[in-house]
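Visitor: Take a look and give me a structure for this.
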Amino acid sequence: MANISDIAKQAGVSKSTVSRVLNGHKHVSKEKRRIILDVMERLEYSPNGNAINLSRGKTNTIGVLVPRVGHPFFHQLIEGIGQVCMERNHTLLVIQTEHDPAKEEASMQYLRDKRVDGLIIGAISQPQLLKTMRTLGPVVACEDHQDIVPSISFNHGKAMTMLLQHVEERGAKTVGLCLGNPDSGVGRVRRDAFDQYLKTSSLRHGIQWYADRCYSFEDGQALANQLLTSTYQMPSSSAMTKSQQVLSINFARMAFGCQRISPLRDLMIDRSHERLD
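Guide: Numbers count the residues shown, from 1 in each chain. I've put the predicted structure just below:
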């Protein structure tokens, strides 16, 4: 297999000139560049991408850390990031952790080895890891960790309050709650806001109307079926009807965190511009 020395010898140039051509430097004459590329083609030379990236100091690869690729929110997040990466000639590396602490810790190696230029944190169960991550490379979080790294997130507490106000204004007397991961930062904020609102509200909530770790439409359907066949009184809120189909869809929407509240800009927290000393 040909190497840089072989190419330099046959092209009649130095190895550093070949290296400049491989790295896309402009300070090589058109004639020398053409000769080197012709030799590379004749020798069927395939450059080592990792070596080139190390010499450039960048990989044009962005990493994104998510618990589950199939979760609707993270699926859309990945799709959006991927679209921007494509537009900017970057590669997207998706790291799925399933909220496994060991996998979250292992993800730091991508930054340490310079296999990615930066890391986007979709969700993380160990926020303390961010302190180490930020010393290894650029990191931005999609949760409210602005005290550690730049963050862009929704005000989930305010969203929950607005949702409860909405169902109460629609005449609901009892309310159920369905969460994804109750141990995540978002899950805890939503549950705290829910409990806090009920302290001063006429809405009633019973443990039989609570569910968590619901991530898919199938989870929503199963929960709806469970409530429909339960001997307990159903919670009365505008998110529920006597139609099993509509109930299933609405429960799935609740599982996805898709509240019909607007405008979104009222719930957005953007601290990505803040400097971290």
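Visitor: Thr97 contacts Glu104, correct?
Guide: Yes. Assessed by C-beta atoms under 8 Å, Thr97 is found in contact with Glu104 at 5.1 Å. From N, CA and C alone the C-beta is placed, and that goes for glycine too.
Visitor: where do the contact lists of the two overlap?
Guide: Leu65, Ile124 (C-beta atoms under 8 Å, 6 or more residues apart in numbering).
Visitor: Strands along the stretch 1-150 of the chain, start to end?
Guide: Along the stretch 1-150 of the chain, counting by DSSP state E, counting those that start in this stretch, strands occupy 61-66, 91-96, 118-121, 139-141.
Visitor: List the buried residues for the shortest one?
Guide: What that stands for is strand 139-141. Under the neighbour-count criterion of 16 or more other C-beta atoms under 10 Å, strand 139-141 has Val139, Val140, Ala141 buried.
Visitor: packing partners for the helix or strand following that strand?
Guide: Next helix or strand after strand 139-141 toward the C-terminus (DSSP states H and E): strand 152-154. Where contact means 3 or more C-beta pairs under 8 Å, 6 or more residues apart in numbering; DSSP states H and E, strand 152-154 is packed against strand 139-141, strand 268-270.
Visitor: how about a cut-off of 10 Å?
Guide: Counting contacts by 3 or more C-beta pairs under 10 Å, 6 or more residues apart in numbering; DSSP states H and E, strand 152-154 packs against strand 139-141, helix 185-199, strand 268-270.
Visitor: Out of those, which is the most enclosed?
Guide: Of all the helices and strands packed on strand 152-154, strand 139-141 has the most neighbours on average by mean count of other C-beta atoms under 10 Å, namely a mean of 23.
Visitor: re the thing from before, okay if I get the helices and strands packed on strand 152-154 as a markdown table plus mean pLDDT?
Guide: Below are the helices and strands packed on strand 152-154 laid out as a markdown table (pLDDT from 0 to 100):
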| stretch | mean pLDDT |
| --- | --- |
| strand 139-141 | 93 |
| helix 185-199 | 90 |
| strand 268-270 | 44 |
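Visitor: Could you dump these into TSV and include distance to Val21?
Guide: Shown next, in TSV, are those (distance: least, C-beta to C-beta, whole Å):
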stretch	distance to Val21
strand 139-141	34
helix 185-199	48
strand 268-270	42
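Visitor: I'd like to know which of those lies nearest to Arg88.
Guide: Closest to Arg88 of those, according to C-beta to C-beta: strand 139-141, at 15.6 Å.
Visitor: what stretches of the stretch 51-200 of the chain score poorly on pLDDT?
Guide: When residues are selected by pLDDT under 70, those of the stretch 51-200 of the chain lie in 51-57.
Visitor: got a list of what Val140 touches?
Guide: Val140 sits next to Gly118, Leu119, Ile120, Ile121, Arg134, Val149, Pro150, Ser151, Ile152, Arg271, Ser272 when contact means C-beta atoms under 10 Å, 6 or more residues apart in numbering.
Visitor: Kindly provide the distance from the closest residue to it other than its chain neighbours to Ala123.
Guide: In this structure, Val140 finds its nearest non-sequential neighbour in Pro150, 4.9 Å apart by C-beta to C-beta, 6 or more residues apart in numbering. Distance of Pro150 to Ala123, given as C-beta to C-beta, to the nearest Å: 16 Å.
Visitor: Settle it for me: which of these two has more neighbours?
Guide: Taking neighbours as other C-beta atoms under 10 Å, Pro150 and Ala123 compare with Ala123 leading, 24 against 18.
Visitor: residues contacting that one?
Guide: Ala123 makes contact with 65-68, 71, 73-74, 77, 97, 99, 104, 141-143, 180-181, 184-187, according to C-beta under 10 Å, 6+ apart.
Visitor: again, only using 7 Å
Guide: With contact taken as C-beta atoms under 7 Å, 6 or more residues apart in numbering, Ala123 is in contact with Val66, Pro67, Glu143, Ser184.
Visitor: I figured the first one hits His75, correct?
Guide: Read that as Val66. No. In this structure, Val66 is not within contact of His75 by C-beta atoms under 7 Å, at 8.8 Å.
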